[in-house]
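A.B. asks: starting from these lines, generate the structure:
(chains A and B)
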Amino acid sequence: MDDIDDILASVSRPQTSQRALDLQALTRGWINERASPDLLPYPSSLLDRVMERLKKQIEAIEEMTGTMDPKSNFTLVITQTELERFKFLVRSLLRARIVKIDKFPLHYRSLVSERPDLLSTVEQQYLTSHQALLSNHFNASFLQHFPQSLRRLDDTAGGNGMVDKPDEDTAVFCRVLRDVVQPIEVHGEVGANEVELKRGDVWVLRWSSIRDLVKTGDVEMV
Amino acid sequence: MYGEQGNKLVVDAKRTQNLPHLPPYATTQVRAVTKEVRDLDREVNTLLAPYTSTSSQASDGTPIKSSSFNPADDPATACNLLVNHLSMRRNKRCLLSYHKTRTDKLEEMAWAGIEGGPAFTSTPSSQGQQTRGSGGSTAESLSAEEEQYMHAYGNLLAAFKGQWTDIDLTGSLDPPKDVFVDVRVLKDAGEIQTEYGSINLTKNSQFFVRLVDVEGLIRMGYLQQLS
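C.D. replies: All right, here's what the predicted structure looks like:
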């Protein structure tokens, strides 16, 4: 009976279209990205689908304005509003990512090789060229006059690392979407403690303790 | 000496963060700090000279310096060296943060679309009346390196944006409310083409137009959005 439980569940669940699911995923991804201190993996397949649909909609709008049919005017306004909202979501998501990439460039550059899904190709190119530009600029402005040993930009010697990292222990607000079987450990002033995450709960927790749950989609940020 | 000059740069950078425009590049300050680093480095080398012996040669021909200096034998020199080293590192950090603050500011301008494109590459005389608002003063307060950087970053940003033409990455970051808005023309902006035909934007006229068509003009101050 166990085997067919999830099959039954998927049949009895109301059918939601891929488009609605994508919108939900995009909104959730956007909120997660904006609220989390660390960069989340780049949602490439989702964004590809959304962009594809945006392109179709722009074409549809152009066609509708071309015919100038008074009946289609109302639909046109609605479609355009929807288009603008989608564009805003994608734009805001991408900009939030760029801000984080620019804030901790060296940290993410070192991560790219082990986690290729973290950045899109375009973002990687941006990161590399931006860093090249910056180091060129610093070199031309003053570093070229420095003694050789002090010219590096990613120096970690001297007890004061130059590679900045996102604060993984910062507190974030999150909502539990699915029950989490494994209780998570939290470290407070009084020592370690365990928290059980139940669906619908809202918590303030350290980013480091829920990071993986956000990535699997068990928990979302608020 | 010992980081005093660098501190001025940091204070300057701190001030820059809250200014709407970029203050002039502190060329003399930057030179002074760089010179201080070189002086300190020379002093370190002089101090270490008696202890250093170029004993062997590396494979590429540069001599490998081996130092026989033992801090425990001569605490005074060791302390001197340490202070010099720390001052050099501190100066480097000061310079870096000063320049980073300024480049951040420049990037912000590039994203906001007020870099003015050719205003930064052309000579001040040829800009003439094209320069808008603070554009002219910004160009003058940049160092040559910063101008180059600004130009290069503008290109990088344009290339990055080019991958997302449908989205317009530099567009407004406020959630959209209306597709159509009322705008008043503050400055003559000429004729623009929209999907509904062309509109002639003459001063003091008012239009009901699609927001995406005029967003850039609103940001540049040609149009005012009426709520």
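
A.B. asks: hmm, who's touching stretch A:134-145?
C.D. replies: A:105, A:150-151, A:153, B:30, B:33-34, B:37-38, B:95-96, B:99-100, B:103, B:143, B:145-146, B:148-149, B:152 (Cβ atoms under 8 Å, 6 or more residues apart in numbering or on different chains). (C-beta placed from N, C-alpha, C; glycine too.)

A.B. asks: return the subset of these lying in helices.
C.D. replies: A:105, B:30, B:33-34, B:37-38, B:95-96, B:99-100, B:103, B:145-146, B:148-149, B:152 (DSSP state H).

A.B. asks: where does pLDDT dip in chain B?
C.D. replies: B:1, B:52-68, B:114-140, B:195-196 (pLDDT under 70).

A.B. asks: Three-state assignment for A:S135, please.
C.D. replies: Assigned with DSSP: H, G, I helix; E, B strand; the rest coil, A:S135 falls in the helix class.

A.B. asks: any idea of the mean pLDDT for stretch A:75-88?
C.D. replies: Stretch A:75-88 shows a mean pLDDT of 84.

A.B. asks: just to revisit the earlier point, now the ones in helices among the contacts of stretch A:134-145: which count as buried?
C.D. replies: A:105, B:30, B:33-34, B:37, B:95-96, B:99, B:103, B:145-146, B:148-149, B:152 (16 or more other Cβ atoms under 10 Å in any protein chain shown).

A.B. asks: got a list of what A:N193 touches?
C.D. replies: A:N193 touches A:E185, A:V186, A:H187, counting by Cβ under 8 Å, 6+ apart.

A.B. asks: ok so the last one is a strand residue?
C.D. replies: Yes. According to three-state DSSP, A:H187 belongs to a strand.

A.B. asks: now do it, the pLDDT please.
C.D. replies: 73.

A.B. asks: can you tell me how far it sits from A:V195?
C.D. replies: 11 Å (Cβ to Cβ, to the nearest Å).

A.B. asks: which one of these two has more residues nearby?
C.D. replies: A:V195 (15 against 12; other Cβ atoms under 10 Å in any protein chain shown).

A.B. asks: thought the more buried one was touching A:V180?
C.D. replies: No. The pair A:V195 / A:V180 is not scored as a contact, 9.2 Å apart, by Cβ atoms under 8 Å.

A.B. asks: just give me the neighbour total for A:R85.
C.D. replies: Neighbours of A:R85 using other Cβ under 10 Å come to 15.

A.B. asks: now swap in B:T16 and tell me
C.D. replies: Neighbours around B:T16, by other Cβ under 10 Å: 16.

A.B. asks: before we move on, what about the one 5 residues further on?
C.D. replies: Using other Cβ under 10 Å, the number of residues around B:H21 comes to 13.

A.B. asks: please parse the chain into its domains.
C.D. replies: No chain was given, so I picked chain A. A:17-145, A:167-222 (automatic domain parsing).

A.B. asks: oops, I was thinking of chain B
C.D. replies: B:4-55+B:64-162, B:180-226.

A.B. asks: pipe those domains into TSV and attach distance to A:I210 per row.
C.D. replies: Below are these laid out as TSV (distance: least, Cβ to Cβ, whole Å):
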stretch	distance to A:I210
domain B:4-55+B:64-162	30
domain B:180-226	37
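
A.B. asks: A:L54 is nearest to which of these?
C.D. replies: Checking the domains of chain B against A:L54 by Cβ to Cβ gives domain B:180-226 as the closest, at 12.9 Å.

A.B. asks: can you tell me the distance between the two ends of that closest one?
C.D. replies: 11 Å (Cα to Cα, to the nearest Å).

A.B. asks: let me see the ranges of the helices in the chain.
C.D. replies: I'll assume chain A. Under DSSP H, chain A gives helices at A:2-12, A:18-35, A:44-67, A:72-103, A:105-112, A:121-141, A:207-216.

A.B. asks: not quite, go with chain B.
C.D. replies: B:4-17, B:27-48, B:75-112, B:124-127, B:135-140, B:144-162, B:211-220.

A.B. asks: just put the ones you listed in TSV and tack on distance to chain A.
C.D. replies: Formatted as TSV, those follow (distance: least, Cβ to the nearest Cβ, whole Å):
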stretch	distance to chain A
helix B:4-17	10
helix B:27-48	4
helix B:75-112	5
helix B:124-127	21
helix B:135-140	17
helix B:144-162	4
helix B:211-220	7
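
A.B. asks: between those helices, which one is nearest to B:N200?
C.D. replies: Using Cβ to Cβ, the helices of chain B put helix B:211-220 closest to B:N200, at 13.1 Å.

A.B. asks: starting at the chain centroid, how far to that closest one?
C.D. replies: Offset of helix B:211-220 from its chain centre (Cα atoms, centre = their mean, to the nearest Å): 25 Å.

A.B. asks: can you give me the angle that helix makes with helix B:75-112?
C.D. replies: 130 degrees (axes from the mean of the first three to the mean of the last three Cα atoms, to 10 degrees).

A.B. asks: ok, residues contacting helix B:211-220?
C.D. replies: In contact with helix B:211-220 (Cβ under 8 Å, 6+ apart) are residues A:84, B:112-114, B:132, B:168, B:171-172, B:176, B:178-181, B:183, B:189, B:192, B:194-195, B:201, B:223-225.

A.B. asks: find the nearest non-adjacent residue to the spatially most central residue of chain A, please.
C.D. replies: Central residue of chain A (Cα atoms, centre = their mean): A:E33, 3.7 Å from the mean position. Of all residues not flanking A:E33 in the chain, A:A96 sits nearest, at 4.9 Å (Cβ to Cβ, 6 or more residues apart in numbering or on different chains).

A.B. asks: count the residues that sit near the one you found.
C.D. replies: A:A96 has 20 nearby residues by other Cβ under 10 Å.

A.B. asks: ditto for the one 4 residues further on
C.D. replies: Using other Cβ under 10 Å as the criterion, A:K100 is surrounded by 20 other residues.

A.B. asks: find the nearest non-adjacent residue to it, please.
C.D. replies: A:L39 (4.9 Å).

A.B. asks: correct me, but the one you found touches A:L118?
C.D. replies: Yes. Using Cβ under 8 Å, A:L39 is in contact with A:L118, at 6.2 Å.

A.B. asks: okay, the contacts of A:N193 in JSON lines with distance to A:P166 next?
C.D. replies: As requested, the contacts of A:N193 are arranged in JSON lines below (distance: Cβ to Cβ, whole Å):
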{"residue": "A:E185", "distance to A:P166": "21"}
{"residue": "A:V186", "distance to A:P166": "19"}
{"residue": "A:H187", "distance to A:P166": "18"}
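
A.B. asks: so who does A:L46 touch?
C.D. replies: Counted by Cβ under 8 Å, 6+ apart, A:L46 has contacts A:D22, A:A25, A:L26, A:G29.

A.B. asks: again, but for B:F180
C.D. replies: A:V77, B:F208, B:V209, B:R210, B:L211.

A.B. asks: hey, what's it bridged with?
C.D. replies: B:R210 (DSSP bridges).

A.B. asks: what's the answer for the one 4 residues further on, then?
C.D. replies: On the basis of DSSP bridges, B:R184 takes part in beta bridges with B:Q206, B:Q224.
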